[in-house]
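Q: Model the structure of this input:
(chains A and B)
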Number of protein chains: 2
Amino acid sequence: MPLPTQIPALSPSTINRQVRLIARPEGIPQAHHFALAEAAIPEPAEGQFRVRNIYLSVDPAQRGWASAEANYSQPVPLGSPMRALAIGVVTASRVAGVREGEYLYGWFGWQDHAVADPSAIILRANHALPLAQFGGLVGINGLTAYLALTRIGRPEAGDTLVVSTAAGGVGSLAGQIGKLMGCRTIGLTGSDDKVALCRSDYGYDAAFNYRTTDLAAALAQAAPGGINIYYDNVGGPILDTCLRQMAVAGRVVQCGTASVASWTPPPTGPRNEREILTRRLMWGGFVLFDHAAGFDAAVAQLADWYAQGRIDLRLEVLDGIEHAAGSIADLYAGRNSGKRLIRVG
Amino acid sequence: MPLPTQIPALSPSTINRQVRLIARPEGIPQAHHFALAEAAIPEPAEGQFRVRNIYLSVDPAQRGWASAEANYSQPVPLGSPMRALAIGVVTASRVAGVREGEYLYGWFGWQDHAVADPSAIILRANHALPLAQFGGLVGINGLTAYLALTRIGRPEAGDTLVVSTAAGGVGSLAGQIGKLMGCRTIGLTGSDDKVALCRSDYGYDAAFNYRTTDLAAALAQAAPGGINIYYDNVGGPILDTCLRQMAVAGRVVQCGTASVASWTPPPTGPRNEREILTRRLMWGGFVLFDHAAGFDAAVAQLADWYAQGRIDLRLEVLDGIEHAAGSIADLYAGRNSGKRLIRVG
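A: Numbers count the residues shown, from 1 in each chain, chains lettered A, B, ... in the order given. Prediction:
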């Protein structure tokens, strides 16, 4: 459907509501680490533009952004709006190449209005996709699943692909994309409900609840020729088990380490160098923003599959900025029912 | 020099001396695991050829071939000539494409005469290199160093390359090749003599004795921007240290795990998945014979550098098949002074 019909009339509000980080979380950010505050609507300086946000994105990666621990991004300063992706419409522009009325997906934060320079733009919403899917199917989840799988996993028809957090925002797409590329797909997830979802909605050929299954035995049976690609979002013992069932020349995509609760003190595990050598594995780490040059082609492919009805990402849209603060904790507790967005516009 | 002048007159012997594996070693094969025996000179069947060996190769990988442990090759049967690479001249041929008088490097075993089919040929000695260097510079050491470094390490000018067993048969070549490709090279080795050799003969920009140096501190100082490529022949704690000093987008080449004495029971170490993810590493295992299609191009490049005097592999040639049996143990004890060959022809 055409984009403008999806957008409500501009709110007459003259204030900018912001969800600010007010305390440094140890572990998973909870609602009390944030406060709703009001500020004036900012004006763009030369070289900047302003967006009115329509959807705020809630992403597991925000845990890392809120943390003080050294990471691949700087910690969000206390007192600032929470770093977040959002989908907005440009309401003022003082920079060439960004025009009023344009819909953008980018680093606009948990707030109603943001002023930014063009480096904050991740995608321009100019494809035949519902606007909300710019925070979903072709947002960081979809871009991550597509680019990590194709660039590190390098699927070939007939490959056996195993995905951890197989029903999650990234995992469910990695499984679907692998299937579209001709892989046999095996999903690993943490509840029987999610196992059912993997089979019914995400097209996995097999799915296992790692909490209740002897994973080594299940994988040996489901992947008798070995695993060609392991798309890992969790690390830890599930990774250890999968590494030991890789086929020769297999690829391990390290996209997250969600199962490892703490890296201080450094946790130990079985040594993997002999597996890597004798199985001739290629084990690669993936961080999305290293691959920005590939975003447009990824969006084009994902949008094409979507238009054909061959891929989908379940969205859960909550209405109102007050839902933002507790939402990261909800994701980690499994209290979401799809990729969560907060509608604010 | 032209090849024929390097070759002695054909021995009039009518017997085939063989160094047979007579006991299954636990760990490193010693002289008493082998016995010198005599057999008739074999005749090639249709589809086969016969070589008279000139140089027998002694390689660390023979430890694995003699072992009963599951590996990427089948164990050498007890009572058979020890599996080995060798350089020989064709003395009879009943197969198209292999002609009498041709010099070959291949799987001809620790014996005077071998009958083989063409799949046993690794290289044809038709380049302007001393014949012995087909067991050295362009033998499995040189092919391994070149192909593992270029295909997994992917050196770019200005990269910092760290090599373990830096003065060894593979390591000394990996360091030299990296230097020729524009890397800053840092060698890790286990004695002060070898550190000196790394600096004087192999062109390393820096070299450290890992037994007497605080390796983490030394690397932090020698590679302040991080390690772009770690060419690892050892695994274990040296690998752990290097992984934690990799630059973003660094490559780890797993070419051996010589420092890990036993894999039963499975040894443990620090978990590495977070390093792989946050540093966006690519950690790949290398086994030479997966890359046979690249051998000719590798030989051409190595021979070209050799002709220009820009690369060398120190050879240690012992005269007489009686030196073979104890030679694997000599390598593991550091009692060799270069890539060891046994002259028998």
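Q: List, one by one, the residues from chain A near chain B.
A: Counting by Cβ under 8 Å from any Cβ of the partner chain, the residues of chain A close to chain B are A:71-72, A:152, A:232, A:235-236, A:239, A:249, A:254-257, A:260, A:263, A:266-287, A:290. To be clear about C-beta, it is placed using only N, CA and C from the backbone, and glycine gets the same treatment.
Q: need the contact list for the closest residue to residue A:28 other than its chain neighbours.
A: The spatial neighbour of residue A:28 that comes closest, neighbours along the chain excluded (Cβ to Cβ, 6 or more residues apart in numbering or on different chains), is residue A:332 at 4.8 Å. Going by Cβ atoms under 8 Å, 6 or more residues apart in numbering or on different chains, residue A:332 touches A:28, A:60, A:63.
Q: Helices of chain A, start to end?
A: For chain A, the helices defined by DSSP state H occupy A:62-66, A:140-148, A:171-180, A:192-200, A:215-222, A:236-243, A:273-278, A:295-307, A:327-332.
Q: Could you export these to a markdown table, including columns for distance to residue B:118 and mean pLDDT?
A: As requested, these are exported to a markdown table (distance: least, Cβ to Cβ, whole Å; pLDDT from 0 to 100):
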| stretch | distance to residue B:118 | mean pLDDT |
| --- | --- | --- |
| helix A:62-66 | 56 | 92 |
| helix A:140-148 | 42 | 96 |
| helix A:171-180 | 39 | 97 |
| helix A:192-200 | 49 | 95 |
| helix A:215-222 | 37 | 98 |
| helix A:236-243 | 37 | 98 |
| helix A:273-278 | 27 | 96 |
| helix A:295-307 | 44 | 95 |
| helix A:327-332 | 60 | 94 |
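Q: So which of the ones you listed is nearest residue B:33?
A: Ranking those by proximity to residue B:33 (Cβ to Cβ) places helix A:273-278 first, at 22.9 Å.
Q: what's that closest one in contact with?
A: Residues from elsewhere that reach helix A:273-278 (Cβ under 8 Å, 6+ apart): A:243-244, A:246, A:281, A:283, B:71-72, B:232, B:235-236, B:239, B:254-257, B:260, B:263, B:283-287.
Q: Now render the helices of chain A as CSV, adding distance to residue A:130.
A: Shown next, in CSV, are the helices of chain A (distance: least, Cβ to Cβ, whole Å):
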stretch, distance to residue A:130
helix A:62-66, 23
helix A:140-148, 13
helix A:171-180, 16
helix A:192-200, 21
helix A:215-222, 35
helix A:236-243, 34
helix A:273-278, 42
helix A:295-307, 9
helix A:327-332, 20
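Q: ok, the nearest residue to residue A:208 once chain neighbours are set aside to residue A:156 distance?
A: Once flanking residues are discounted, residue A:208 sits nearest to residue A:218: 4.9 Å by Cβ to Cβ, 6+ apart. Per Cβ to Cβ, to the nearest Å, residue A:218 is found 24 Å from residue A:156.
Q: Between those two, which is the more surrounded one?
A: Ranked by neighbour count (other Cβ atoms under 10 Å in any protein chain shown), residue A:218 and residue A:156 place residue A:218 first, with 18 against 11.
Q: The residues of chain A next to chain B, buried ones only, as a ChimeraX selection?
A: To isolate the buried ones among the residues of chain A next to chain B in ChimeraX, judged by 16 or more other Cβ atoms under 10 Å in any protein chain shown, type:
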select /A:72,152,232,235,236,239,254,255,256,257,260,263,269,270,271,272,273,274,275,276,277,278,279,280,281,282,283,284,285,286,287
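Q: From the residues of chain A next to chain B, which land in strands?
A: A:232, A:249, A:254, A:268-270, A:282-285 (DSSP state E).
Q: Of all pairs in those, which one spans the longest distance?
A: A:249 and A:268 (27.6 Å).
Q: can you give me the mean pLDDT across stretch A:68-86?
A: Stretch A:68-86 carries an average pLDDT of 87.
Q: what's the answer for stretch A:93-112, then?
A: Stretch A:93-112 shows a mean pLDDT of 97.
Q: what about that stretch, start to end distance?
A: 16 Å (Cα to Cα, to the nearest Å).
Q: now that stretch, how far from the centre of its chain.
A: Distance of stretch A:93-112 from the chain centroid (Cα atoms, centre = their mean, to the nearest Å) equals 21 Å.
Q: Kindly report the same for stretch A:254-266.
A: Centre-to-centre, stretch A:254-266 and its host chain are 17 Å apart (Cα atoms, centre = their mean).
Q: For residue A:162, see how far away residue A:210 is.
A: For residue A:210, the distance to residue A:162 equals 11 Å [Cβ to Cβ].
Q: so what's the most centrally placed residue in chain A closest to, chain neighbours aside?
A: In chain A, the centroid-proximal residue (Cα atoms, centre = their mean) is residue A:141; its distance is 3.0 Å. The shortest distance from residue A:141 to any residue other than its chain neighbours is 4.2 Å, reached at residue A:169 (Cβ to Cβ, 6+ apart).
Q: how does chain A divide into domains?
A: Domain ranges of chain A: A:3-136+A:313-343, A:140-289, per automatic domain parsing.
Q: Residue A:132 against residue A:315, yeah?
A: Yes: with contact defined as Cβ atoms under 8 Å, residue A:132 reaches residue A:315; the gap is 5.5 Å.
Q: what is in contact with the two at once?
A: Common neighbours of residue A:132 and residue A:315 (Cβ under 8 Å, 6+ apart) are residue A:341.
Q: on that earlier part again, a markdown table please, covering the contacts of residue A:332 and showing distance to residue B:322.
A: A markdown table is the format used below for those (distance: Cβ to Cβ, whole Å):
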| residue | distance to residue B:322 |
| --- | --- |
| A:28 | 69 |
| A:60 | 66 |
| A:63 | 66 |
